[in-house]
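Student: Give me a 3D structure for the following:
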Amino acid sequence: MKYTSNSLAIVILNWNGKPLLEQFLPSVVLHSEEANIYVIDNASTDDSITWLEKQYPKVSIISLSKNLGYAGGYQKGLAQIKAPLYCLLNSDVKVTKDWLPPILSLFKTETISAIQPKILDFKDPTCFEYAGAGGGLLDSLGYPYCRGRVFDTIDKDNGQYNDIVEIFWASGACLFIKSEHYWEVGGLDSDYFAHQEEIDLCWRLKNKGQKIYYCGVSTVYHVGGASLNYVSPQKTFLNFRNSLFSILKNKKGFNAYSTLFTRMVLDGLAGIQFLLQGKQKHFLAIIKAHLSFYTHLPILIKKRGKITRKLIKYDSKSIVWDYFVLKKHKN
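Tutor: Now for the predicted structure:
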């Protein structure tokens, strides 16, 4: 099937983000002429909607009655949008001229479900951005990392990832996905609220035999941390908890449980490290993450039973071992 800009719904989630919309929406409108642009508003209390209606009357607005987070907000809003392709785009992303044609062309491959472009740092365009960089990967223990970013080490963009290649997960900062495949696997899991829900979504797609791709000839610039700072204890809580969610839901057979056990041990070591660094709130966030995981076990096991799981070849290395023990900060 041939996809064009008319096939695409660019969907931006907003919550009290008028300054971000003012700064970044103009680039989306300018460089996405034939696409349909939507803003899903997560019950903002600022004047985002009034501003949008006045400045961009052609942008469609879907207003939600309460803040459902990233996953819940998109899930509720996308259900009201009919289009062959979705682009889930963060409100703090600047797009570039001709960002769409390479991605639309790549979707002609039937088994490709989702694609992300190259994501560079808006504040320092010479570097990759934390959330996605040159495409998302997963190590043997379910730790997510990116080409161009491992933990907090971020590479400069020297053209090394100007390629088109299969990856494990595409960043939710700028995620293109076939709507049919999105709904076939159930879409984003609203129990995640925010963070790593795109990894879970891509994992479910791969379990169905679909492919996720990175398109390095399309570039966007992401501010990052606009909704939740990277050093926030709440982000620590969500990342640790949601990673456990994804492992239990998506890993095949006994491997899921052995991986969970190892991860919980490593989470404990990470908690001790936070204590030694004087970061008590992050230590408590890990404890809270585990307690939340336990309380969600019944629903997670139920969801696990509904997911088709193929035998996926995971990365054999451990980025924890490579990064913290062998001091390899590049991938």
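Student: where do the strands sit along the stretch 201-331 of the chain?
Tutor: Along the stretch 201-331 of the chain, counting by DSSP state E, counting those that start in this stretch, strands occupy 211-222.
Student: Okay, now the unreliable bits of it?
Tutor: 225-230, 311 (pLDDT under 70).
Student: Now with 90, please.
Tutor: The stretch 201-331 of the chain contains residues with pLDDT under 90 at 224-232, 253, 306-317, 320-321, 324-331.
Student: Just the helices from it, written as ranges.
Tutor: Using DSSP state H, counting those that start in this stretch, the helices of the stretch 201-331 of the chain run over residues 233-250, 255-276, 280-295, 297-306, 319-320.
Student: Packed most tightly, which of the ones you listed would that be?
Tutor: Among those, the stretch with the highest mean neighbour count (mean count of other C-beta atoms under 10 Å) is helix 233-250, at a mean of 22. The way it works is simple: take the backbone N, C-alpha and C, and place the C-beta from them, glycine included.
Student: so which of the helices of the stretch 201-331 of the chain gets nearest residue 88?
Tutor: Shortest separation from residue 88 across those is recorded for helix 233-250, at 16.8 Å, computed as C-beta to C-beta.
Student: Let me know which of the helices of the stretch 201-331 of the chain is the nearest to residue 180.
Tutor: Among these, helix 297-306 sits nearest to residue 180 (C-beta to C-beta), with 18.3 Å.
Student: who touches the closest one?
Tutor: 189, 191, 245, 248-250, 256, 293 (C-beta atoms under 8 Å, 6 or more residues apart in numbering).
Student: got the helices of the stretch 201-331 of the chain as CSV, with distance to residue 167 columns?
Tutor: What follows is the helices of the stretch 201-331 of the chain, written out as CSV (distance: least, C-beta to C-beta, whole Å):
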stretch, distance to residue 167
helix 233-250, 16
helix 255-276, 20
helix 280-295, 26
helix 297-306, 24
helix 319-320, 15
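Student: one step back: of the contacts of helix 297-306, which pair is most distant in space?
Tutor: Maximum pairwise distance among the contacts of helix 297-306 (C-beta to C-beta): 17.2 Å, between 191 and 256.
Student: Confirm residue 113 sits in a helix?
Tutor: No. Counting by DSSP: H, G, I helix; E, B strand; the rest coil, one finds residue 113 to be strand, located in no helix.
Student: Which one, of the helices of the stretch 201-331 of the chain, ends up nearest to residue 75?
Tutor: Closest to residue 75 of the helices of the stretch 201-331 of the chain is helix 297-306 (C-beta to C-beta; 14.2 Å).
Student: how near is residue 116 to residue 222?
Tutor: 11 Å (C-beta to C-beta, to the nearest Å).
Student: Quick check: neighbours shared by these two?
Tutor: Common neighbours of residue 116 and residue 222, using C-beta under 8 Å, 6+ apart, are 132, 173-174.
Student: out of the residues you listed, which is most surrounded?
Tutor: residue 132 (31 neighbours; other C-beta atoms under 10 Å).
Student: quick one on the thing from earlier: for the contacts of helix 297-306, give me JSON lines that also has distance to residue 231.
Tutor: Output for the contacts of helix 297-306, formatted as JSON lines (distance: C-beta to C-beta, whole Å):
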{"residue": "189", "distance to residue 231": "25"}
{"residue": "191", "distance to residue 231": "24"}
{"residue": "245", "distance to residue 231": "22"}
{"residue": "248", "distance to residue 231": "27"}
{"residue": "249", "distance to residue 231": "28"}
{"residue": "250", "distance to residue 231": "28"}
{"residue": "256", "distance to residue 231": "30"}
{"residue": "293", "distance to residue 231": "22"}
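Student: Residue 14 touches residue 48, doesn't it?
Tutor: Yes. Contact status for residue 14 versus residue 48: in contact at 5.5 Å, counting by C-beta atoms under 8 Å.
Student: Looking at these two, which has the bigger crowd around it?
Tutor: Set residue 14 next to residue 48 and count neighbours by other C-beta under 10 Å: residue 14 wins out with 26 against 23.
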